[in-house]
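S.K.: Mind looking at a prediction? Sequence and model below.
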Amino acid sequence: MKLLIFLVLAILIIPLASAKGDCNSDGRITSVDALIALKMSVGKIEPNQSADMNNDGFVTSYDAFRILMLATGDEEELFFLLEDALQGYDLSKISGERMNWVIAKRDGSKLTIGVVVEGGKIKDFVKGEISNPTITAYTTEDTVRRLLASKSPDELRNALKNGDIRLEGVGIVNQIKVGFMNLLTKLVGL
């Protein structure tokens, strides 16, 4: 009986761990949680793990954005899968590019992601188009999911070579650059 009382008291006294995104531990993910995470990202509030949405050990404005997406029901899984997959990659070969990725989804809708790469790292990764792109990439959700599951550079080269990913340069200089890159991919398999 004493053990049962102890267990009941322990359950009542020990706070339950809050779910990812539930920064105020009220059992719901709302815009208030996004605001709390944003305050954590600028040092106004002590950060905690419930706000670290991508498990990188930091609470940033990206985490607050992701919580806001959850709170508004606009969670786009594919967007976040790509964002998480690209973190830490050396993108020096495409440094200085401003890209719009257009992904045809299985449900018939399109997901557009704007990506800016500077210094070999992603500077901006946003849902929607960016202005003044240098490249537009077209692909499908199935191709993206296959690449994410594979994590093989060969799979990416094959997708480019087979036309599963189609790149178009924006403006004459970028059209020539992308055309040359596409030719090399098909001929040499770069």
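M.R.: Arrived safely, thanks for sending. Residues are numbered from 1 along each chain as shown.

S.K.: residues touching the spatially most central residue of the chain, list them.
M.R.: Closest residue to the average C-alpha location of the chain: residue 83 at 2.0 Å, with C-alpha atoms, centre = their mean. Counting by C-beta atoms under 8 Å, 6 or more residues apart in numbering, residue 83 touches 54, 62, 125. Any C-beta I mention is one placed from the backbone N, CA and C, and that applies to glycine too.

S.K.: Show the buried residues in the residues you listed.
M.R.: Among the contacts of residue 83, those classed as buried by neighbour count (16 or more other C-beta atoms under 10 Å) are 62, 125.

S.K.: I'd like the contacts of residue 83 as TSV, with distance to residue 29, secondary structure and pLDDT appended.
M.R.: Putting the contacts of residue 83 into TSV (distance: C-beta to C-beta, whole Å; DSSP: H, G, I helix; E, B strand; the rest coil; pLDDT from 0 to 100) gives the following:
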residue	distance to residue 29	secondary structure	pLDDT
54	16	coil	76
62	16	helix	81
125	21	strand	82
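
S.K.: will you turn the contacts of residue 83 into JSON lines that also has distance to residue 97?
M.R.: Below are the contacts of residue 83 laid out as JSON lines (distance: C-beta to C-beta, whole Å):
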{"residue": "54", "distance to residue 97": "23"}
{"residue": "62", "distance to residue 97": "20"}
{"residue": "125", "distance to residue 97": "13"}
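
S.K.: Could I get the full set of helices for the protein?
M.R.: 2-13, 31-41, 61-72, 77-86, 141-150, 153-162, 172-188 (DSSP state H).

S.K.: which residue sits closest to residue 146 in space, ignoring its chain neighbours?
M.R.: residue 155 (6.9 Å; C-beta to C-beta, 6 or more residues apart in numbering).

S.K.: what's the neighbour count on the one you found?
M.R.: When neighbours are defined as other C-beta atoms under 10 Å, residue 155 has 16 of them.

S.K.: Alright, I will stop here.
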